[in-house]
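J.: A predicted structure for the sequence below; I have some questions about it.
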Amino acid sequence: MEEQPIIVKRKKKVAAGHHGGSWKVAFADFATAMMAFFLVLWLTATATPEQKLAVEGYFKDPVGFTEGGSPNPVDLEGSASVVNESAQDLERSDIQIEDQVVEELAETLEQRQMEELFQELQERIEQSETLQEFKDQLLIDITSEGLRIQIVDRSQRPMFDSGRAELKYYSQDILFELAKPLGAVTNKLSITGHTDATPFGGRPGYTNWELSADRANTARRALVAGGVGAGQIARVVGLSDSVLFDKDDPTAPVNRRISIIVLNKKTAEGIQSNAGQSDEPLIDLTAPTEAEQEEAMESLEQGDWMQEREEPAEGELNW
């Protein structure tokens, strides 16, 4: 009988492995989720119906929700508000500028506008055949009052006939050409008439003062006809020979001129304030006295005011 081999089976015992700390992470996640869950339950229990409606609208349309009516679905009287915080940030970022600085900036901007108008007038003179022909009679500069355009007389080429306030045809063309750019600005205009020192002897009582004022008013009518707004005129003045262009030669033709000033804001406001009504008490010297009132009543009762008055004789003045 053959001997069978002996087979020995050995079982190796392996000890159970160590689980580590992964269960702690899972437990922490579970605890956080439960805390968040109970927090949501507490918030929904204490929220008002309007706040619940806001939450519902937010979850329906998170980007552009309209039903909730608030960017903070649940406001616990202390939560961050995006709108409020943004407004506060804007307020904190505002730059406070003093009034004096604002005025200086406005004057600088207005000065730049005057310089741009100066360049525009120069270009128009170069491009216009009418102004090009008479450019030696145009003087343009910037003064403390604004941009000044002076149209002066030249020998054998006056703006007006001697002693008259009617414009020459070419002088009217010059004013029409200048009215186009001047009518495009919003600034007020000042028009001043000047004469030379030669006394006017045309008719009694009519001097260079009346002549310069009439010529300035004639220039005003031409500018308005050329496109300048009637309300744009702030001042029309006649200065006679009180402000000579050529002081060394008071009778020089260049002293006979029309000055047009595009007024800056400060000068225009000064004209308005100086000519406006004052709050200070005034003494009215035009009010009639009691004696004058009684005399007027007697004249009215007697009918003297209906009598025709004699016409003044030739050469007499009727003021």
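T.: That came through, no problem. Numbering: from 1, shown residues only.
J.: rest of the way, CA atoms for contacts and neighbours
T.: Noted.
J.: where are the low-confidence patches of the stretch 151-300 of the chain?
T.: Within the stretch 151-300 of the chain, the segments meeting pLDDT under 70 span 276-284.
J.: mind listing the strands for it?
T.: In the stretch 151-300 of the chain, the strands defined using DSSP state E, counting those that start in this stretch lie at 189-194, 233-238, 257-263.
J.: right, and those strands - which one's nearest Ser273?
T.: strand 233-238 (12.1 Å; CA to CA).
J.: Count the neighbours of Gln150 for me.
T.: Residues contacting Gln150 under the criterion other CA atoms under 10 Å number 19.
J.: Quick check: closest non-adjacent residue to it.
T.: Closest residue to Gln150 apart from its sequence neighbours, by CA to CA, 6 or more residues apart in numbering: Ser259 at 4.4 Å.
J.: Could you double-check that that neighbour lies in contact with Ile191?
T.: Yes - assessed by CA atoms under 8 Å, Ser259 is found in contact with Ile191 at 5.7 Å.
J.: With neighbour numbers in mind, choose between these two.
T.: Between Ser259 and Ile191, Ile191 has the larger neighbour count (other CA under 10 Å), namely 25 against 22.
J.: The more buried one and Ile261, how far apart?
T.: Plainly put, Ile191 is 7 Å away from Ile261 if you go by CA to CA, to the nearest Å.
J.: returning to that earlier point: can I get the strands of the stretch 151-300 of the chain in CSV including distance to Gln172?
T.: Converted to CSV, the strands of the stretch 151-300 of the chain look like this (distance: least, CA to CA, whole Å):
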stretch, distance to Gln172
strand 189-194, 15
strand 233-238, 17
strand 257-263, 12
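J.: The ones you listed: which one's closest to Thr207?
T.: Nearest to Thr207 among the strands of the stretch 151-300 of the chain is strand 233-238 (11.0 Å), distances taken as CA to CA.
J.: I would like the residues contacting the closest one, please.
T.: With CA atoms under 8 Å, 6 or more residues apart in numbering as the test, strand 233-238 has contacts from 188-194, 209-217, 220, 268, 271.
J.: Quick check on those residues: which are buried?
T.: Buried by 16 or more other CA atoms under 10 Å: 188-194, 209-217, 220, 268, out of the contacts of strand 233-238.
J.: So which residues of the stretch 1-150 of the chain form helices?
T.: With DSSP state H, counting those that start in this stretch as the criterion, the stretch 1-150 of the chain has helices at 22-46, 49-60, 82-93, 99-127, 129-133.
J.: which of those helices sits most buried?
T.: helix 49-60 (a mean of 17; mean count of other CA atoms under 10 Å).
J.: Could you export that helix as PDB, keeping only the C-alpha atoms?
T.: C-alpha atoms of helix 49-60 as PDB (Å, rounded to 0.1, in the frame of the first residue of the first chain):
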ATOM      1  CA  PRO A  49     -44.400  87.200   5.100                       C
ATOM      2  CA  GLU A  50     -42.700  89.900   3.000                       C
ATOM      3  CA  GLN A  51     -39.300  88.300   3.700                       C
ATOM      4  CA  LYS A  52     -40.500  84.900   2.800                       C
ATOM      5  CA  LEU A  53     -41.900  86.300  -0.500                       C
ATOM      6  CA  ALA A  54     -38.400  87.800  -1.100                       C
ATOM      7  CA  VAL A  55     -36.800  84.400  -0.500                       C
ATOM      8  CA  GLU A  56     -39.200  82.800  -2.900                       C
ATOM      9  CA  GLY A  57     -38.600  85.400  -5.600                       C
ATOM     10  CA  TYR A  58     -34.800  85.100  -5.200                       C
ATOM     11  CA  PHE A  59     -34.800  81.300  -5.700                       C
ATOM     12  CA  LYS A  60     -37.100  81.600  -8.700                       C
END
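J.: For that helix, the averaged confidence score.
T.: Mean pLDDT, helix 49-60: 76.
J.: ok, back up a step: looking at the strands of the stretch 151-300 of the chain, which is closest to Ile151?
T.: Of all those, strand 257-263 comes closest under CA to CA, at 5.3 Å.
J.: Lovely, talk soon.
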